[in-house]
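> A structural model of the following input is requested.
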Amino acid sequence: MELLAKLASVVDAPPGTPEGQIATIFFDPRCPYCHAAFAALHGRIAARWVPVVVLGDPEGGNRMAAGILSATDRVAALKAAFETKGGKPGEITPEIGAKLAENKEAFASIFAASPALRPGVPTMFVPRPDGRLAIMVGYETGDDAKLRAVLTGS
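A predicted model of the protein is given here:
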C-alpha cells in the first residue's frame, strides 16, 4: 500500500483517514465501469483514485487524466470528469506525463506479477482490517457493498 500511496492520484477521503482504511482504485477516466464505481463509492468509502490510461486513444485519455491531476481541486475535477463523461482536458506537461507513465508502469507490474489476474479497470486494492489486501478487478452493481465488507472485515 505504501507504493500505491506514492502514485499520482486523487485522494477522496476525509482528512486524517488512516492509510489502512483507504482503498486504491486504478481507473481510466473514459471507462463506464469506473464511472459506475465512482458514483457508488464517492462519499461512502475513502479512496485513492489513480488514473491509468489503458483504453484506446491514449492522447485523449492522458489529456483527461492530466486535467484531473493538474486541477486545484482534484476531487472536484474527478467528479466533473465522471459526471460529464469528460471533464476539462489538461496539458500533458513533462511532469504530468511522467506521473501518468509511472501509474501505468505500476498497473502493468501488478498484473505481470499476478498472471492469474486479468487486467482491467477499475482495479481496486482494498485493505482488510488484518493488513492483507483484497484485489477486485472490474465493477458491477452491488460491488460497493462487497468493498465495504472487505474494509470492515465483515
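> what kind of secondary structure is residue 102 in?
helix (DSSP: H, G, I helix; E, B strand; the rest coil).
> Neighbours of residue 140, how many?
11 (other CB atoms under 10 Å). The C-beta positions use only the backbone N, C-alpha and C, and glycine is treated the same way.
> That should have said residue 115, apologies.
Around residue 115 there are 7 residues (other CB under 10 Å).
> Check residue 72 too.
Neighbour tally, residue 72, other CB under 10 Å: 6.
> got a list of what the closest residue to residue 40 other than its chain neighbours touches?
By the measure of CB to CB, 6 or more residues apart in numbering, the closest residue to residue 40 outside its immediate chain neighbours is residue 144, 4.0 Å from it. Residues near residue 144 by CB atoms under 8 Å, 6 or more residues apart in numbering: 37, 40-41, 44-45.
> which of those are buried?
Neighbour-count burial (16 or more other CB atoms under 10 Å) applied to these gives 37, 40-41, 45.
> would a markdown table of the contacts of residue 144 with pLDDT, secondary structure and distance to residue 99 be doable?
Shown next, in a markdown table, are these (pLDDT from 0 to 100; DSSP: H, G, I helix; E, B strand; the rest coil; distance: CB to CB, whole Å):
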| residue | pLDDT | secondary structure | distance to residue 99 |
| --- | --- | --- | --- |
| 37 | 96 | helix | 22 |
| 40 | 95 | helix | 26 |
| 41 | 95 | helix | 23 |
| 44 | 93 | coil | 27 |
| 45 | 94 | coil | 24 |
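> for those, which one is nearest residue 68?
residue 37 (15.2 Å; CB to CB).
> Can you say which helix or strand has the residue nearest to residue 40 in it?
helix 143-152 (DSSP states H and E).
> Can you list the buried residues in that helix?
143-144, 147, 150-151.
> So residue 99 lies in a strand, does it not?
No - the assignment for residue 99, made by three-state DSSP, is helix rather than a strand.
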